[in-house]
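Colleague: sequence first, then the predicted structure, then my questions.
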Amino acid sequence: MDTGIIYNIQRMSGQDGPGLRTTVFLKGCPLSCQWCSNPESQDRRPQLMVFPKLCSGCGACISACPQQAIVMDGDHRSRTDRQKCVSCGACAAVCPHKAREISGRAMTVAEVMRVVEKDELFYQNSGGGVTFCGGEPTASGEFLLELMQACHNRGYHICLDTCGHCEQNAFLKAAAASDLILFDCKHMDTAIHKQFTGVGNELILSNLKNILERHYAVRIRIPLMPGVNDTESNITALAEFLKPYGIFDVDILPCHTFGSSKYEALGLNQPSQVPYPKEELKLILQRFERNGLHTAIV
Amino acid sequence: MGTNKSGYNVNWATVDQRLYDLKQFLLDAPQRMDPQRLTFLNEVYDEYTNEEPVYVRAKLLERVLTKKDIFWDGNLLVGTLTGIRAGVYAYPEWNVTWIKDEIDLAKMSSLGELKIPDETMAELKKVYKKWKGKTVNDRAHALYKEIYGVDPAPYFKSGLLYEDTSITTGSGVADYPRVLNEGISGILKEVDERMMAMPKKVGSKQKLAFYRAAKIALNAVIAYAHRYADLCEQLAEKEQDAAQKAEFLEIAEICRRVPEFPARNFREAIQSFWFTHVCLEIEQMGCACSPGRYGQYMYPFYKKDIEEGNLTREQVLRLLKFQWIRHLEMAAYQGNAYALALSGHTGQTITIGGLTADGDDASNELEMLLLDCQLQMRNIQPTISLFYTPKMKDEYLQKAIEVIRDGSGQPQFMNNTVVVERHLNRFAECGINIQDARNCANFGCVGTGVCGKGSFVIFDPFPNLVKPVELALNNGVDPVTNKQIGPKTGDPEQFTTYEEFHNAFMAQMDFMMTIMRKHGDLGNTVKEWTVPSVFRSCVIDGCIESGLFEEAGGPRYCQTLCITTGGIDTANSLIAIKHLVYDTRKISMKELKDALAANFNGYEEIQKMCYEAPKHGNDIPEVDTFVRQLYRDIKKMYRSKGKDYLNHTAFMDAYSLSFHNYFGAMMGALPTGRKAGIALTDGSVSAMPGTDVEGSTALIKSAAQAIDTVDYASNHLNFKFLPSALEGPAGARTLLSLVKTYFDLGGSHIQFNCVSSETLKDAQQNPQNYKDLVVRVAGFSAYFTRLDKGVQNEIIKRTEYAA
């Protein structure tokens, strides 16, 4: 594959694996989690994002739009007709306030590497490297493997941040090329998994089992959603699943709503999840401890 | 000394309350200008009309030290700048114009607004009449006019240069350990011997005067200490409380002993240090009188007292806090331009870390206590600077990160390797050895020098590097004052290539530097002639031996100070012109000039283009190369104007203090997209605010490459971060690996500014200024300004929590 769709390359990431890292965000995901904090990552195609609070109402976008999809609303802010918009990016190019942006662009392996290479001394000094994140990076198939090979050739530490939903052979190839796998466990019950993410968990758990059996370095990550996957029964099931492999530590990503402006920017409905009150989160974490799982909040 | 088994006779029971009261007083009290020095100034100059200036200066210091009011304020370390609490002196010998011209202007000093009581105002008026036309500043300008036939005032009024001759200054790090270990009596002995031995022949007039003056000044410092001994004995007599009485008697005993004789323990050493420091400040209070490697020269005294059980670490920490209060009290006032350019900064920097003379890790336990002291006091002065070496222990670095995380921006980190290399390079012509090169410290805020053996009292006028861009755009006419300031380098609308514009810019730069050399030499002549420092010269190695005070080149390692401002604005301006007018031809030179003249009002499109033109700080190889080449060309051009006043190769400093505010306020709109009157870019390699959109690693790389930090005398990077990015040991490691990488790439200075909740609130209100502010949470990243208000508030709350 010549190119992949990248929606962000974040330099100096400190939370996506050890040390200072560059995180490459690949667009496109087989899941559609209701709580997704990067909703622009789901669709593989480039998309227009509009941030109304940055709009000054100058109108530059209106004249730039070849589809005549933009009008000025009563608050002197531009409004985009999503039916007419083809995400061509003409408006984003002229917006003086960066209120408009196209998320996602096709990049070659060499183009991505040119950015990744820039911080190699930081990786060296901090024990860091490169993290592939999504969307779901394995959804980019061969392109991901080529990127990983290029990083491997440079001696960079490679981290795969995955939801695990990927055809078995392809997944194992990506996993084998990684130094560390950050593996999301969303729910142990396939029906509930399907209800909240759009897919069942059979393939995911079988992939997880495969990499654990092969003793790959895996770090389990749980996006913790109130009332969805924080129940005693789900946590017990997870602990039971992990125990045979000697895994007793998990990372917790507590529900947050930082992505809300992105939903607005994409013209999507807001997710319904509400963050935990501080005290409540503590109680939930105790649930993990009771089941023999140590937690770290990331 | 001392009958108690430990803690000396300090009245420890009241110490914490005293510390609290002293700090509160400083936070609440407006500073006031003390009249006494002005009275003494008038008297002494009337009495000694026929003496060499250096002798008169010594007599003035003697008069101040022996006659100024002294008082007890509860601080265990005695010795204050003036005769009133939180008092400030004026130094009209350098400049008096502000006394008349700025009479109604609010006056800001280090702790806020400065009050001038009526009594002081009356003295100021007398002084004004007497000194008008005779100040260092007036004489330097007059001399320039007399010799070159041109009035230099417009160069300064237009914001091309800063009037370096108008201000007093510290001159770096004095030889404190000599006073601690030999006492003032030891220095006096050397002065006496040299004065006896010197030939009293033709040409030795100034040398003889210096030695006579030195004796007066050194004896005055001893007399000053004895006055506090007398005061404390009187206080003890009246004191009913036995513990307090014992404390007074002990202080009296200490002041009889030091600084005249060598200190024998930490308690004496800290008082001896303070007498030395405060007398240096009294003689000439200005920015950059720094304690230097305090943790090194105080360590033997500390170690002895801890081992012998005379003091506990907690007690040492409290003694340090009293010293911290004393540093905070310091202030100077020399007019509004000074207030704007310095922002009240008094530049008393303590350097920690670095290497021993033998090249080993020098960091020690006392230095960790200094960090603790800073953490608990949260003072703006003294400032702490950590000279990083890869040999440092993790525990030590973690302590430093703990202080940074607290949000005070301290300690700043310096690259010891670069500084040592810099000194070997710079002072090669003075015959420096590796031991002296390693004994390095910050002289003021960012500049460096050799402890106890250097001085940077010699100045060249401080240039505003971006002014030549403005002049080149206007054929030498200053658009702010509408005067022909620079040479006529041609109408830029007629230029067909960028090279033509660049040549015009360099011609304006060349013109500026010619003035700098000429005016600098004359200004330094006037300083040598009229305001030689005496006590300070006695505590800088080289002066007594050579018989030359510091303004005459006595110190072993002399250096010129020439602070350059606006380098990044210059580079960004030139790049924008090249990019917009010549490379992409998006706008014409006329359109750009019209937009600048209109301060971009009605030209928002052009402002956006200017703003979005490639900018320093984004790890763009072409831009980084341009910036580095520009700094190199500027340095070469400066050197091409000849050696400095003391006949050494001239080095430029690259940091901004608050000169970016001072010059920014005087500048019109720039091709960077910056509007008129706005501050220029801070530091010397920081990014223009809001334009480093590629993140921290990109800024670090661009900043490290911008300047040859060995052949420049400094560089200066202010680095912003959210405290949440530093949580836990992992966060500390992240920060250290950033520093290490920056230093690996050649950076020499980095200071961390915690993005405060106030900043975030401002970003909420003014998103256009904060386009680069990134918020990171695991698996998620976004620009702060794009976030929903509720989410922004959530992040603000987190930030407040972390701080």
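Modeller: In hand now; what should we look at?

Colleague: and whichever residue of the stretch 301-450 of chain B sits closest to chain A, helix, strand or coil?
Modeller: Distances between the stretch 301-450 of chain B and chain A by Cβ to the nearest Cβ are smallest at B:Pro390, namely 10.7 Å. Where you see a C-beta, it was placed from the backbone N, CA and C, and this is true even at glycine. What DSSP: H, G, I helix; E, B strand; the rest coil gives for B:Pro390 is coil.

Colleague: which residue packs closest to it, ignoring adjacent ones?
Modeller: In space, and not counting its chain neighbours, B:Pro390 is closest to B:Lys740: 7.7 Å by Cβ to Cβ, 6 or more residues apart in numbering or on different chains.

Colleague: can you list the helices and strands that the one helix or strand that neighbour maps to packs against?
Modeller: In this structure, B:Lys740 is located in helix B:728-744 according to DSSP states H and E. Applying 3 or more Cβ pairs under 8 Å, 6 or more residues apart in numbering or on different chains; DSSP states H and E, one finds that helix B:728-744 makes contact with helix A:120-126, helix B:394-403, strand B:412-415, helix B:696-706, strand B:749-754.

Colleague: report the angle between the axes of the longest one and helix B:728-744?
Modeller: Orientation note: helix B:696-706 sits at an angle of 30 degrees relative to helix B:728-744 (axes from the mean of the first three to the mean of the last three Cα atoms, to 10 degrees).

Colleague: quick one: residues contacting the closest residue to chain B within the stretch 151-298 of chain A.
Modeller: Closest residue of the stretch 151-298 of chain A to chain B, Cβ to the nearest Cβ: A:Val298 (4.1 Å). A:Val298 makes contacts with A:15, A:221, A:251-253, B:778, as judged by Cβ atoms under 8 Å, 6 or more residues apart in numbering or on different chains.

Colleague: from the residues you listed, which land in strands?
Modeller: A:221, A:251-253 (DSSP state E).

Colleague: who's the nearest residue to B:Asp164 once chain neighbours are set aside bridged to?
Modeller: In space, and not counting its chain neighbours, B:Asp164 is closest to B:Phe459: 4.0 Å by Cβ to Cβ, 6+ apart. Going by DSSP bridges, B:Phe459 is paired in beta bridges with B:Leu561.

Colleague: show me the strands in the stretch 101-250 of chain A, by range?
Modeller: Counting by DSSP state E, counting those that start in this stretch, the stretch 101-250 of chain A has strands at residues A:105-108, A:129-133, A:157-162, A:180-184, A:218-224, A:249-254.

Colleague: what's the pLDDT at B:Gly452?
Modeller: Note on B:Gly452: pLDDT of 98.

Colleague: then the one 10 residues further on?
Modeller: Reading off the confidence values, B:Phe462 has pLDDT 97.

Colleague: wait, doesn't it sit right on B:Ser166?
Modeller: No: in this structure, B:Phe462 is not within contact of B:Ser166 by Cβ atoms under 8 Å, at 11.1 Å.

Colleague: residues near the residue of the stretch 301-450 of chain B closest to chain A, how many?
Modeller: Residues near B:Pro390, counting by other Cβ atoms under 10 Å in any protein chain shown, number 10.

Colleague: list phi and psi for it.
Modeller: phi -70, psi -10 (degrees, to the nearest 10).

Colleague: if we can go back for a sec, ranking the helices and strands packed on helix B:728-744 by mean pLDDT, which is last?
Modeller: strand B:749-754 (a mean of 84).

Colleague: ok, then the element right after it?
Modeller: Next element after strand B:749-754 (DSSP H and E): helix B:757-765.
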